[in-house]
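S.K.: Quick one, structure for this:
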Amino acid sequence: RFPLFFCGYSGVGKTTLSYTLEGKAVPSDLTSHTHGVATRHVVISGKKFSVWDYAGQMEYYATHEFFLLPASQAIFVICVRGDESTETAAYQLEYWLRFIKCRIP
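M.R.: Numbers count the residues shown, from 1 in each chain. Here you go, the predicted structure:
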């Protein structure tokens, strides 16, 4: 299985995207945030992936690095809200790119 890491701030839609890739309906009662890291297994165009849905709350950021693999073995998806200002989205994108770069040689 090839890992897909979903990074982003809280409430940007990482969990919704992971349900969608899995081919499942998003639960209507999905109101709680992801705690730590949630994993799902999906098949896309015949390829097997494990989706790693990282919690977006700041208190979980320190735990994310324990689940990272070398960059050559993963795809990182950085999610930002579409209704954010360009500056806010750019800041969030920069944060996650720095986070990944600092933790993966």
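S.K.: Next, the buried residues of stretch 8-20.
M.R.: 8, 9, 12, 13, 14, 15, 17, 18, 19 (16 or more other C-beta atoms under 10 Å). The C-beta positions use only the backbone N, C-alpha and C, and glycine is treated the same way.
S.K.: any idea of the mean pLDDT for that stretch?
M.R.: In this model, stretch 8-20 carries a mean pLDDT of 82.
S.K.: contacting residues around it?
M.R.: If you take C-beta atoms under 8 Å, 6 or more residues apart in numbering as the criterion, stretch 8-20 is touched by 6-7, 25-27, 30, 33-34, 38, 40, 42, 51, 53-57, 77-81, 92, 96.
S.K.: Mind doing that once more with 10 Å?
M.R.: 4-7, 24-27, 30, 32-34, 38-40, 42, 51-58, 60, 77-82, 84, 88-89, 91-93, 95-96 (C-beta atoms under 10 Å, 6 or more residues apart in numbering).
S.K.: Quick one: name whatever helix or strand follows the helix-or-strand element of the chain with minimal mean pLDDT.
M.R.: When the helices and strands of the chain are scored by mean pLDDT, DSSP states H and E, helix 61-64 comes last with a mean of 64. Downstream of helix 61-64, the first helix or strand assigned by DSSP states H and E is strand 75-79.
S.K.: which strands and helices sit next to that following strand?
M.R.: strand 2-8, helix 14-22, strand 47-54, helix 86-103 (3 or more C-beta pairs under 10 Å, 6 or more residues apart in numbering; DSSP states H and E).
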